[in-house]
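*Asks:* Whatever this is, show me its structure:
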Amino acid sequence: MQKNNEKDEGGINPPAAKLPAWVELLPLLVFFGVYQWKGLMPATAAVMVATLGTAALVYVKNRRVPTMLLITAALVGVMGSLTLYLQDDQFIKMKPTLVYVLLASLLAGGEMFKKSPLQKVLGHAVPLKTEGWQKLTWRWVVFFLCLASLNEYVWRTQPEEVWVKVRVFGYLGLTILFTLSQLPLMKKYMMEEDKK
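*Replies:* The predicted structure is shown next:
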């Protein structure tokens, strides 16, 4: 078994990009399944347990939990607890907004201080020139702010069932499409290997 010697610089975990897809998908699928079966309050409790469970499994496997997974688990715990304690669904519905605003803020703040969090997370796998990382980062900032705005619009104006479907499938689909749309930019700024 190969040890990972990469360090957590500035609170960002480079191995976070290598996490398997189930880490993000499992809590969403649990949330959706329990919602279809029992409704929003039981689904909120279930997603809290599923998120904590995935974080625990990641810790057991890697002996560490990536920063963003910790932040997400904390937000799920706080907003989920408020939802259940107050029996007020707006807290769990606002959680994606907070996550997206937080991600946008971390990326923007990192760029302003010339320490690109996106490059720290993905730089080992995607060798881009500095200008490429800057452009890609600001595009992700805008994208996350758009998702935050979309979440606010959907949960405030649409029926609960619509919000749940958009939350589980819509944001994931939009993220995949956005990622694919950035491939030309990444190709343009990809660093060529030194052939000397």
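*Asks:* Now the element after the host helix or strand of G173, going C-ward?
*Replies:* In the assignment (DSSP states H and E), G173 maps to helix 171-181. Moving toward the C-terminus from helix 171-181, the next helix or strand (DSSP H and E) is helix 183-188.
*Asks:* Determine the set of other helices and strands touching that following helix.
*Replies:* Helices and strands touching helix 183-188, as assessed by 3 or more Cβ pairs under 8 Å, 6 or more residues apart in numbering; DSSP states H and E, comprise helix 130-157. Where you see a C-beta, it was placed from the backbone N, CA and C, and this is true even at glycine.
*Asks:* what is the rounded mean pLDDT of the helix it packs on?
*Replies:* When pLDDT is averaged over helix 130-157, the result is 96.
*Asks:* for that helix, which positions count as buried?
*Replies:* Within helix 130-157, the residues that count as buried by 16 or more other Cβ atoms under 10 Å are 132-137, 139-141, 143-145, 147-148, 150-152, 154-155.
*Asks:* same thing with stretch 118-129?
*Replies:* Of all the residues in stretch 118-129, those buried under the rule 16+ other Cβ under 10 Å are L118, Q119, K120, V121, L122, V126, L128.
*Asks:* Just the ones of the residues you listed in helices?
*Replies:* L118, Q119, K120, V121, L122 (DSSP state H).
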